[in-house]
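**Student:** Next comes the sequence, and after it the predicted model I'd like to discuss.
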Amino acid sequence: MGSFFAGIKAGTLGGILYVGGLAAFNVLLLYALKASVLSAISSAYPQSCPMIPSVNGSAEDCFSSVVSVDVPFVAFVAFFITLAYSGIFGLYYDSLPMRSSTLRGLLFGVIIGFNLIFFGFSGYVFNSESEIATAAMMLFWTPVFGYSLGRLYRKYTRVVEFSSQDESLLRVIVDRRDSTGKAKTFATTSSHKVRAVVAEDASFKEWETGGGIKLEDNRSFETAMEVNDNGTLRGIVGPKY
């Protein structure tokens, strides 16, 4: 497991860049192909959006509505989809198969981009030409977002390695999960519950820390850990007297 909140934080900044870029491109595309857009709008809504202005409005009025209402709405929903998946990315970061944070970010960038396309929130598409242009933008912009997501997540997290002097006698439990012999990512300055589960014929001695790890009580088998930087936490165990 990783940090859900660090994923949300990375997704907020990365998502603004990603969705904002897609929305800006969509607006530019609408104006670049305005004649085709007006024709498509008028054909789809001949009564309310005629090419010639009428009492009900015109294709120009509907075009303005698309730019000022439809595109921002699509971007708004796309941002929250991006944010939700970024949180999932952070939560399951440590379980992803790739070693590099960049590759992990790229993987989730592709997943998020696919979902935006699948649910129709990649942009306002009105003909085959706009579909091709939007697809090309997605192919270019999605990896940029994925790269940013991975890098930002690493910026907001730190790695802690957990170990035991003797794994058969002491297991390290962090936030109710066995973390013995594992390296996990946590949000910077976050606090977590640490507990030593000791065998019946053994006795807990102390915690040894390294790097940016601070404990509330090194002598207590159950304590709070604060993560300020990359570091290590090792449980020391001995024979029971």
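**Tutor:** Perfect, I can see it now.

**Student:** for the helix or strand where residue 12 lies, which positions count as buried?
**Tutor:** Remark: residue 12 resides in helix 4-32, with elements defined by DSSP states H and E. For helix 4-32, the neighbour count (16 or more other CB atoms under 10 Å) marks 4-11, 14-15, 18-19, 21-23, 25-27, 29-30 as buried. Just so you know, the C-beta spots here come from the backbone N, C-alpha and C atoms, and that holds for glycine as well.

**Student:** Which strands or helices does that helix pack on?
**Tutor:** Counting contacts by 3 or more CB pairs under 8 Å, 6 or more residues apart in numbering; DSSP states H and E, helix 4-32 is packed against helix 71-91, helix 128-155, strand 183-187.

**Student:** so residue 231 touches residue 215, yeah?
**Tutor:** No - using CB atoms under 8 Å as the test, residue 231 is too far from residue 215 to be in contact (10.6 Å).

**Student:** Quick check: neighbours shared by those two?
**Tutor:** Common neighbours of residue 231 and residue 215, counting by CB atoms under 8 Å, 6 or more residues apart in numbering, are residue 209.

**Student:** Grab the nearest non-local neighbour of residue 15.
**Tutor:** Distance criterion CB to CB, 6 or more residues apart in numbering; nearest residue to residue 15, sequence neighbours excluded, is residue 82 at 4.0 Å.

**Student:** Verify the stated contact: the one you found with residue 19.
**Tutor:** Yes - in this structure, residue 82 is within contact of residue 19 by CB under 8 Å, at 6.1 Å.

**Student:** Next, work out how far apart the residue most central in space within the chain and residue 150 are.
**Tutor:** Closest to where the C-alpha atoms of the chain average out (CA atoms, centre = their mean) is residue 86, at 1.7 Å. From residue 86 over to residue 150 the distance is 11 Å, taken as CB to CB, to the nearest Å.

**Student:** Repeat that for residue 39.
**Tutor:** For residue 39, the distance to residue 150 - CB to CB - is 42 Å.

**Student:** Neighbour count for those two, which is higher?
**Tutor:** residue 150 (25 against 15; other CB atoms under 10 Å).

**Student:** Let me have the helices and strands packed on helix 4-32 in JSON lines, extended by mean pLDDT and distance to residue 219.
**Tutor:** Below are these laid out as JSON lines (pLDDT from 0 to 100; distance: least, CB to CB, whole Å):
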{"stretch": "helix 71-91", "mean pLDDT": "95", "distance to residue 219": "32"}
{"stretch": "helix 128-155", "mean pLDDT": "94", "distance to residue 219": "33"}
{"stretch": "strand 183-187", "mean pLDDT": "95", "distance to residue 219": "23"}
